[in-house]
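Peer 1: sequence and predicted structure, then a few things I'm wondering about:
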Amino acid sequence: MPEMEEDSSREIFLSIDDTPIYFREDWNTGIGGGLWSTGLAIARYFEHHHSHVSTNLNRLDEMKRKRGDIDGISAIELGSGNGFLSVCLLALAHTASLSLKNVVVTDMEDDMEDHLSLMEKTISTNPHVWDELIVTRGGSSSTYHGSASNKKKEQQMSSVTVAEYRWGVDDFDQTYDFIFGSDLAYRDHLHDPLISSFLQLSHQFTIILIGVTMNDTRPVFFDKLTAAGFLYERLADHFLEGAFRGGNFGIFVITRR
């Protein structure tokens, strides 16, 4: 696990209510080292509209409880790159008293970039928003402990798992309540494996949230979503920070039909 940076050297990138999120972009590490525009758009949505997010996820949690599932919300981030959005979600849950059971942070490994290490670094720099971190790599796993439960003892413990996940190839053999990610469909060849993953990882009531740059995600992606049995809705512009309004950026909510 990367060594924890001293508080004086950590940079607060943004705060969700009173919960700071520490992150420092480093594009020298590759495309996973920084924030793409729609990733920042979703982060700002979490920051400024955390009650909107938590209300919808709490409604889903309430539905689960009525069906006898009291474990809380499970979430998975696809194509994370650096883990920043997962930390934002954990901070949101910490602030909004959302019962977030676990977050699985995923990306694909390749010879050029060590995404798992980037994700692990970002998450380990924010131990105040999680209780347990499990890093899975090469068939083995390591477990570390955070300090989120020290802040609000009435909240459920939140665990985070960092793991490789190849769209349409790997099978985690479970479904999730919330699937999220940004800039996932920016190339046509990514559409089919991404939608295959949505089908594999979702259940009937799963909420999927993705950020899209409209000039590189072609309409055929949304046609394929519809053909696969999904409904989608673009969030209204007032949910986006000013710089992201006006047509080029979009945050979409996707559900099963």
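Peer 2: Looks like it arrived, so ask away. Every value quoted in this text rests on a predicted model; they were computed, and no experiment measured them.
Peer 1: so where's the longest strand in the protein?
Peer 2: Counting residues, the longest strand found in the chain (DSSP state E) is strand 202-213.
Peer 1: which strands border that one, and is each parallel or antiparallel?
Peer 2: With DSSP bridges as the test, strand 202-213 is paired with strand 176-182 (parallel), strand 249-256 (antiparallel).
Peer 1: what about the longest one, average pLDDT?
Peer 2: Mean per-residue pLDDT for strand 249-256: 96.
Peer 1: same check on stretch 103-113?
Peer 2: In this model, stretch 103-113 has a mean pLDDT of 83.
Peer 1: which outside residues touch it?
Peer 2: Applying C-beta atoms under 8 Å, 6 or more residues apart in numbering, the contact partners of stretch 103-113 are 29-32, 74-81, 83, 86, 89-90, 115-116, 119, 123, 130, 158-167, 172, 176. C-betas here are computed from N, CA, C, even on glycine.
Peer 1: 6 Å instead?
Peer 2: 30, 32, 75-81, 83, 86, 115, 119, 160-166 (C-beta atoms under 6 Å, 6 or more residues apart in numbering).
Peer 1: tell me which of the residues you listed fall in helices.
Peer 2: Using DSSP state H, 86, 115, 119 are the members of the contacts of stretch 103-113 that sit in helices.
Peer 1: from those, which is closest to residue 211?
Peer 2: The closest of the ones in helices among the contacts of stretch 103-113 to residue 211 turns out to be residue 86 (C-beta to C-beta; 13.9 Å).
Peer 1: pretty sure that closest one sits against residue 77.
Peer 2: Yes - if you go by C-beta atoms under 6 Å, residue 86 and residue 77 touch, sitting 4.8 Å apart.
Peer 1: before we move on, back to that, same list (the strands paired with strand 202-213) but as JSON lines, adding mean neighbour count and distance to residue 221.
Peer 2: What follows is the strands paired with strand 202-213, written out as JSON lines (neighbours: other C-beta atoms under 10 Å; distance: least, C-beta to C-beta, whole Å):
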{"stretch": "strand 176-182", "mean neighbour count": "24", "distance to residue 221": "13"}
{"stretch": "strand 249-256", "mean neighbour count": "18", "distance to residue 221": "10"}
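Peer 1: now the angle between strand 249-256 and the longest helix seen in the chain, please.
Peer 2: Using DSSP H, we find that the single longest helix of the chain is helix 50-66. Computed by axes from the mean of the first three to the mean of the last three C-alpha atoms, to 10 degrees, the angle separating helix 50-66 from strand 249-256 equals 10 degrees.
Peer 1: buried sites along helix 50-66?
Peer 2: Buried residues in helix 50-66, counted by 16 or more other C-beta atoms under 10 Å: 50, 53, 54, 57, 58, 61, 64.
Peer 1: just to revisit the earlier point, after the longest strand of the chain, heading C-terminal, what element do we hit next?
Peer 2: With elements assigned by DSSP states H and E, the helix or strand that comes after strand 202-213 is helix 219-227.
Peer 1: list the strands paired with the following helix or strand past that following helix, with their directions.
Peer 2: Next in sequence after helix 219-227, counting helices and strands by DSSP H and E, comes strand 230-234. Taking DSSP bridges as the criterion, strand 230-234 forms sheet pairs with strand 249-256 (antiparallel).
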